[in-house]
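**Q** based on what follows, work out the 3D shape:
(one chain, ligands or ions: 2)
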Amino acid sequence: MSEIPLSLKSHRVQLDQATSVLQGTVELSWTKFLWFVGMAGAALVGGMATLRWDAFAVFVLVTGAVLLLGHSLGSHRKLIHNSYQCPKWLENILVYLGVQVGLAGPLGLMRQHELRDFAQRLSDCHPYLRHGSSFWRDAWWQLCCELHLAHPPEIHIEPRVANDRFFLWLERTWMLQQLPPALLLYWLGGWAYVYWGVCARVTAGVLGHWLIGYFAHNHGDMNYEVQDAAVQGRNIRWTSLLTMGESWHNNHHAYPGSAKLGLFAGEWDPGWWALVVFQKLGWVWSVRLPEDLPLRKELRTCRLAAWSAAGSSFGLAQLFALCRRAGSVRPYPDARITGPAAHISAHFLQTLVGARVHFDHDPSLRRLSLHYGQARIQGLPALCIAMCTRTGLFKGLALVLLPFAFSWERGRTLVGV
Ligand SMILES: [Zn+2]
Ligand SMILES: [Zn+2]
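**A** Ligands and ions are numbered 1, 2, ... in the order given. Predicted structure coming up:
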């Protein structure tokens with residue numbers, strides 16, 4: 001096995017000489033088997049016998065709600081990756097809804113995720129952990145079995161989560177947590193609502209989780225490659241709305257700590273849209289994006305489009321908006337350029353970009369980026385576009401240099417970030 005990447009040094013899973021993620025046996029788990037088969041059987045028989053439009057509407061509504069608020073925002077982006085901060089009451093509600101998906105308790109889910117995430121980043125791991133078996137065997141393994149590693153590594157969960165009494169209670173009672181919504185739904189609409197709002201919802205959640213897991217490690221596009229990893233994540237475009245953005249799994253393998261999963265234009269990410277709304281309401285803050293994460297040496301970008309590589313959200317509209325009004329000398333209040341000034345002084349950079357775009361010197365950043373409202377672009381194109389806001393010689397020079405800046409950016413993406 002090759003050297004462990006630096007990004008794994010602070011992982012919740014730690015491998016020592018005696019432990020391995022390769023050797024193990026996959027064995028039937030009666031709990032998983034009965035839970036899945038029981039729910040699926042009840043959904044199939046009971047659901048068909050009681051099929052009504054209002055019951056089906058309840059299924060769509062509650063499944064969407066637990067996948068978006070519970071699984072994507074609560075369990076995955078908050079509890080596991082802590083990619084944003086929110087008040088404890090909101091975290092508890094989101095994690096509770098995450099338990100409603102019916103996959104496991106909060107700590108059990110975290111352990112499964114962390115072992116898989118860690119193993120997939122190594123050069124090799126058991127096929128169970130990388131969805132590396134055939135489609136049907138993987139279905140049997142993931143839905144009804146458990147992997148018993150011969151020498152499992154330890155998984156350290158931080159006290160903030162491991163000692164939380166609410167999470168521990170949910171961990172002990174995660175299956176029973178289907179009872180409160182079942183009683184409420186029975187009271188609202190009888191057995192039809194229970195079959196559709198609980199049994200069909202849990203079946204869809206568990207089955208969908210495996211299906212996306214299988215495809216997101218075997219088929220689909222790649223924006224990034226994690227070098228020397230046992231398996232690459234794949235982006236599955238057509239399921240982005242159904243999975244609340246979770247199927248941008250290639251992006252997630254590249255930037256696991258990012259709260260935003262759809263990183264490029266057209267990559268729809270309902271989980272991210274919800275976070276933006278929560279941010280506006282003041283419920284969510286310190287939201288982490290790819291540029292806030294430490295540089296990973298093993299990461300290579302596969303995307304050849306220089307424009308996308310330089311900045312995911314900077315379009316032609318923003319470019320024209322910044323370049324026009326040449327006669328005006330008023331500064332742009334919502335435009336700023338940030339970043340290091342490694343080779344030239346900060347003063348000289350401000351002179352280059354002129355007075356209309358403010359320069360924030362931040363040596364901790366890796367690259368220069370230009371922010372204009374919500375849009376962002378980085379690297380040499382950022383500098384050229386900022387210079388376009390000037391007049392005369394500087395503007396002419398910037399416009400001539402801009403195509404070369406994009407070519408340079410494209411070259412960088414070919415050899416890797
Ligand atoms: Zn993965
Ligand atoms: Zn994850």
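**Q** tell me the secondary structure at Glu225.
**A** strand (DSSP: H, G, I helix; E, B strand; the rest coil).
**Q** residues contacting it?
**A** Gln232, Leu299, Arg300, Thr301, Cys302 (CB atoms under 8 Å, 6 or more residues apart in numbering). (Glycine included, C-beta is placed from N, CA and C.)
**Q** shaky segments in the protein?
**A** Scanning the chain for pLDDT under 70 picks out 1-3, 303-318, 324-329, 374, 407, 409-417.
**Q** repeat the analysis, applying 50 as the threshold.
**A** Applying pLDDT under 50 to the chain flags residues 1, 304-306, 413-417.
**Q** coming back round to it: which among the contacts of Glu225 end up buried?
**A** Gln232, Leu299, Arg300, Thr301 (16 or more other CB atoms under 10 Å).
**Q** from those residues, which ones fall inside strands?
**A** Leu299, Arg300, Thr301 (DSSP state E).
**Q** Tyr224 is in contact with the second one, correct?
**A** Yes. The pair Arg300 / Tyr224 is scored as a contact, 6.6 Å apart, by CB atoms under 8 Å.
**Q** where do the strands of the stretch 1-150 of the chain begin and end?
**A** 13-14, 24-28, 145-149 (DSSP state E, counting those that start in this stretch).
**Q** reformat these as JSON lines; add distance to Pro106.
**A** Formatted as JSON lines, the strands of the stretch 1-150 of the chain follow (distance: least, CB to CB, whole Å):
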{"stretch": "strand 13-14", "distance to Pro106": "17"}
{"stretch": "strand 24-28", "distance to Pro106": "24"}
{"stretch": "strand 145-149", "distance to Pro106": "18"}
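**Q** just give me the closest of the contacts of Glu225 to Gln85.
**A** Closest approach between the contacts of Glu225 and Gln85, by CB to CB: Leu299, at 25.2 Å.
**Q** make CSV out of the buried ones among the contacts of Glu225 and add distance to His156.
**A** Output for those, formatted as CSV (distance: CB to CB, whole Å):
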residue, distance to His156
Gln232, 26
Leu299, 25
Arg300, 30
Thr301, 31
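**Q** contacts only, for Arg356.
**A** Counted by CB under 8 Å, 6+ apart, Arg356 has contacts Val329, Arg330, Pro331, Tyr332, Ala335, Thr389, Arg390.
**Q** go on, Arg336?
**A** Arg336 neighbours (CB under 8 Å, 6+ apart): Val357, His358, Phe359, Asp360, Leu370, His371.
**Q** for Tyr332, same thing?
**A** Contacts of Tyr332 (CB under 8 Å, 6+ apart): Leu322, Arg356, Val357, Tyr372, Thr389.
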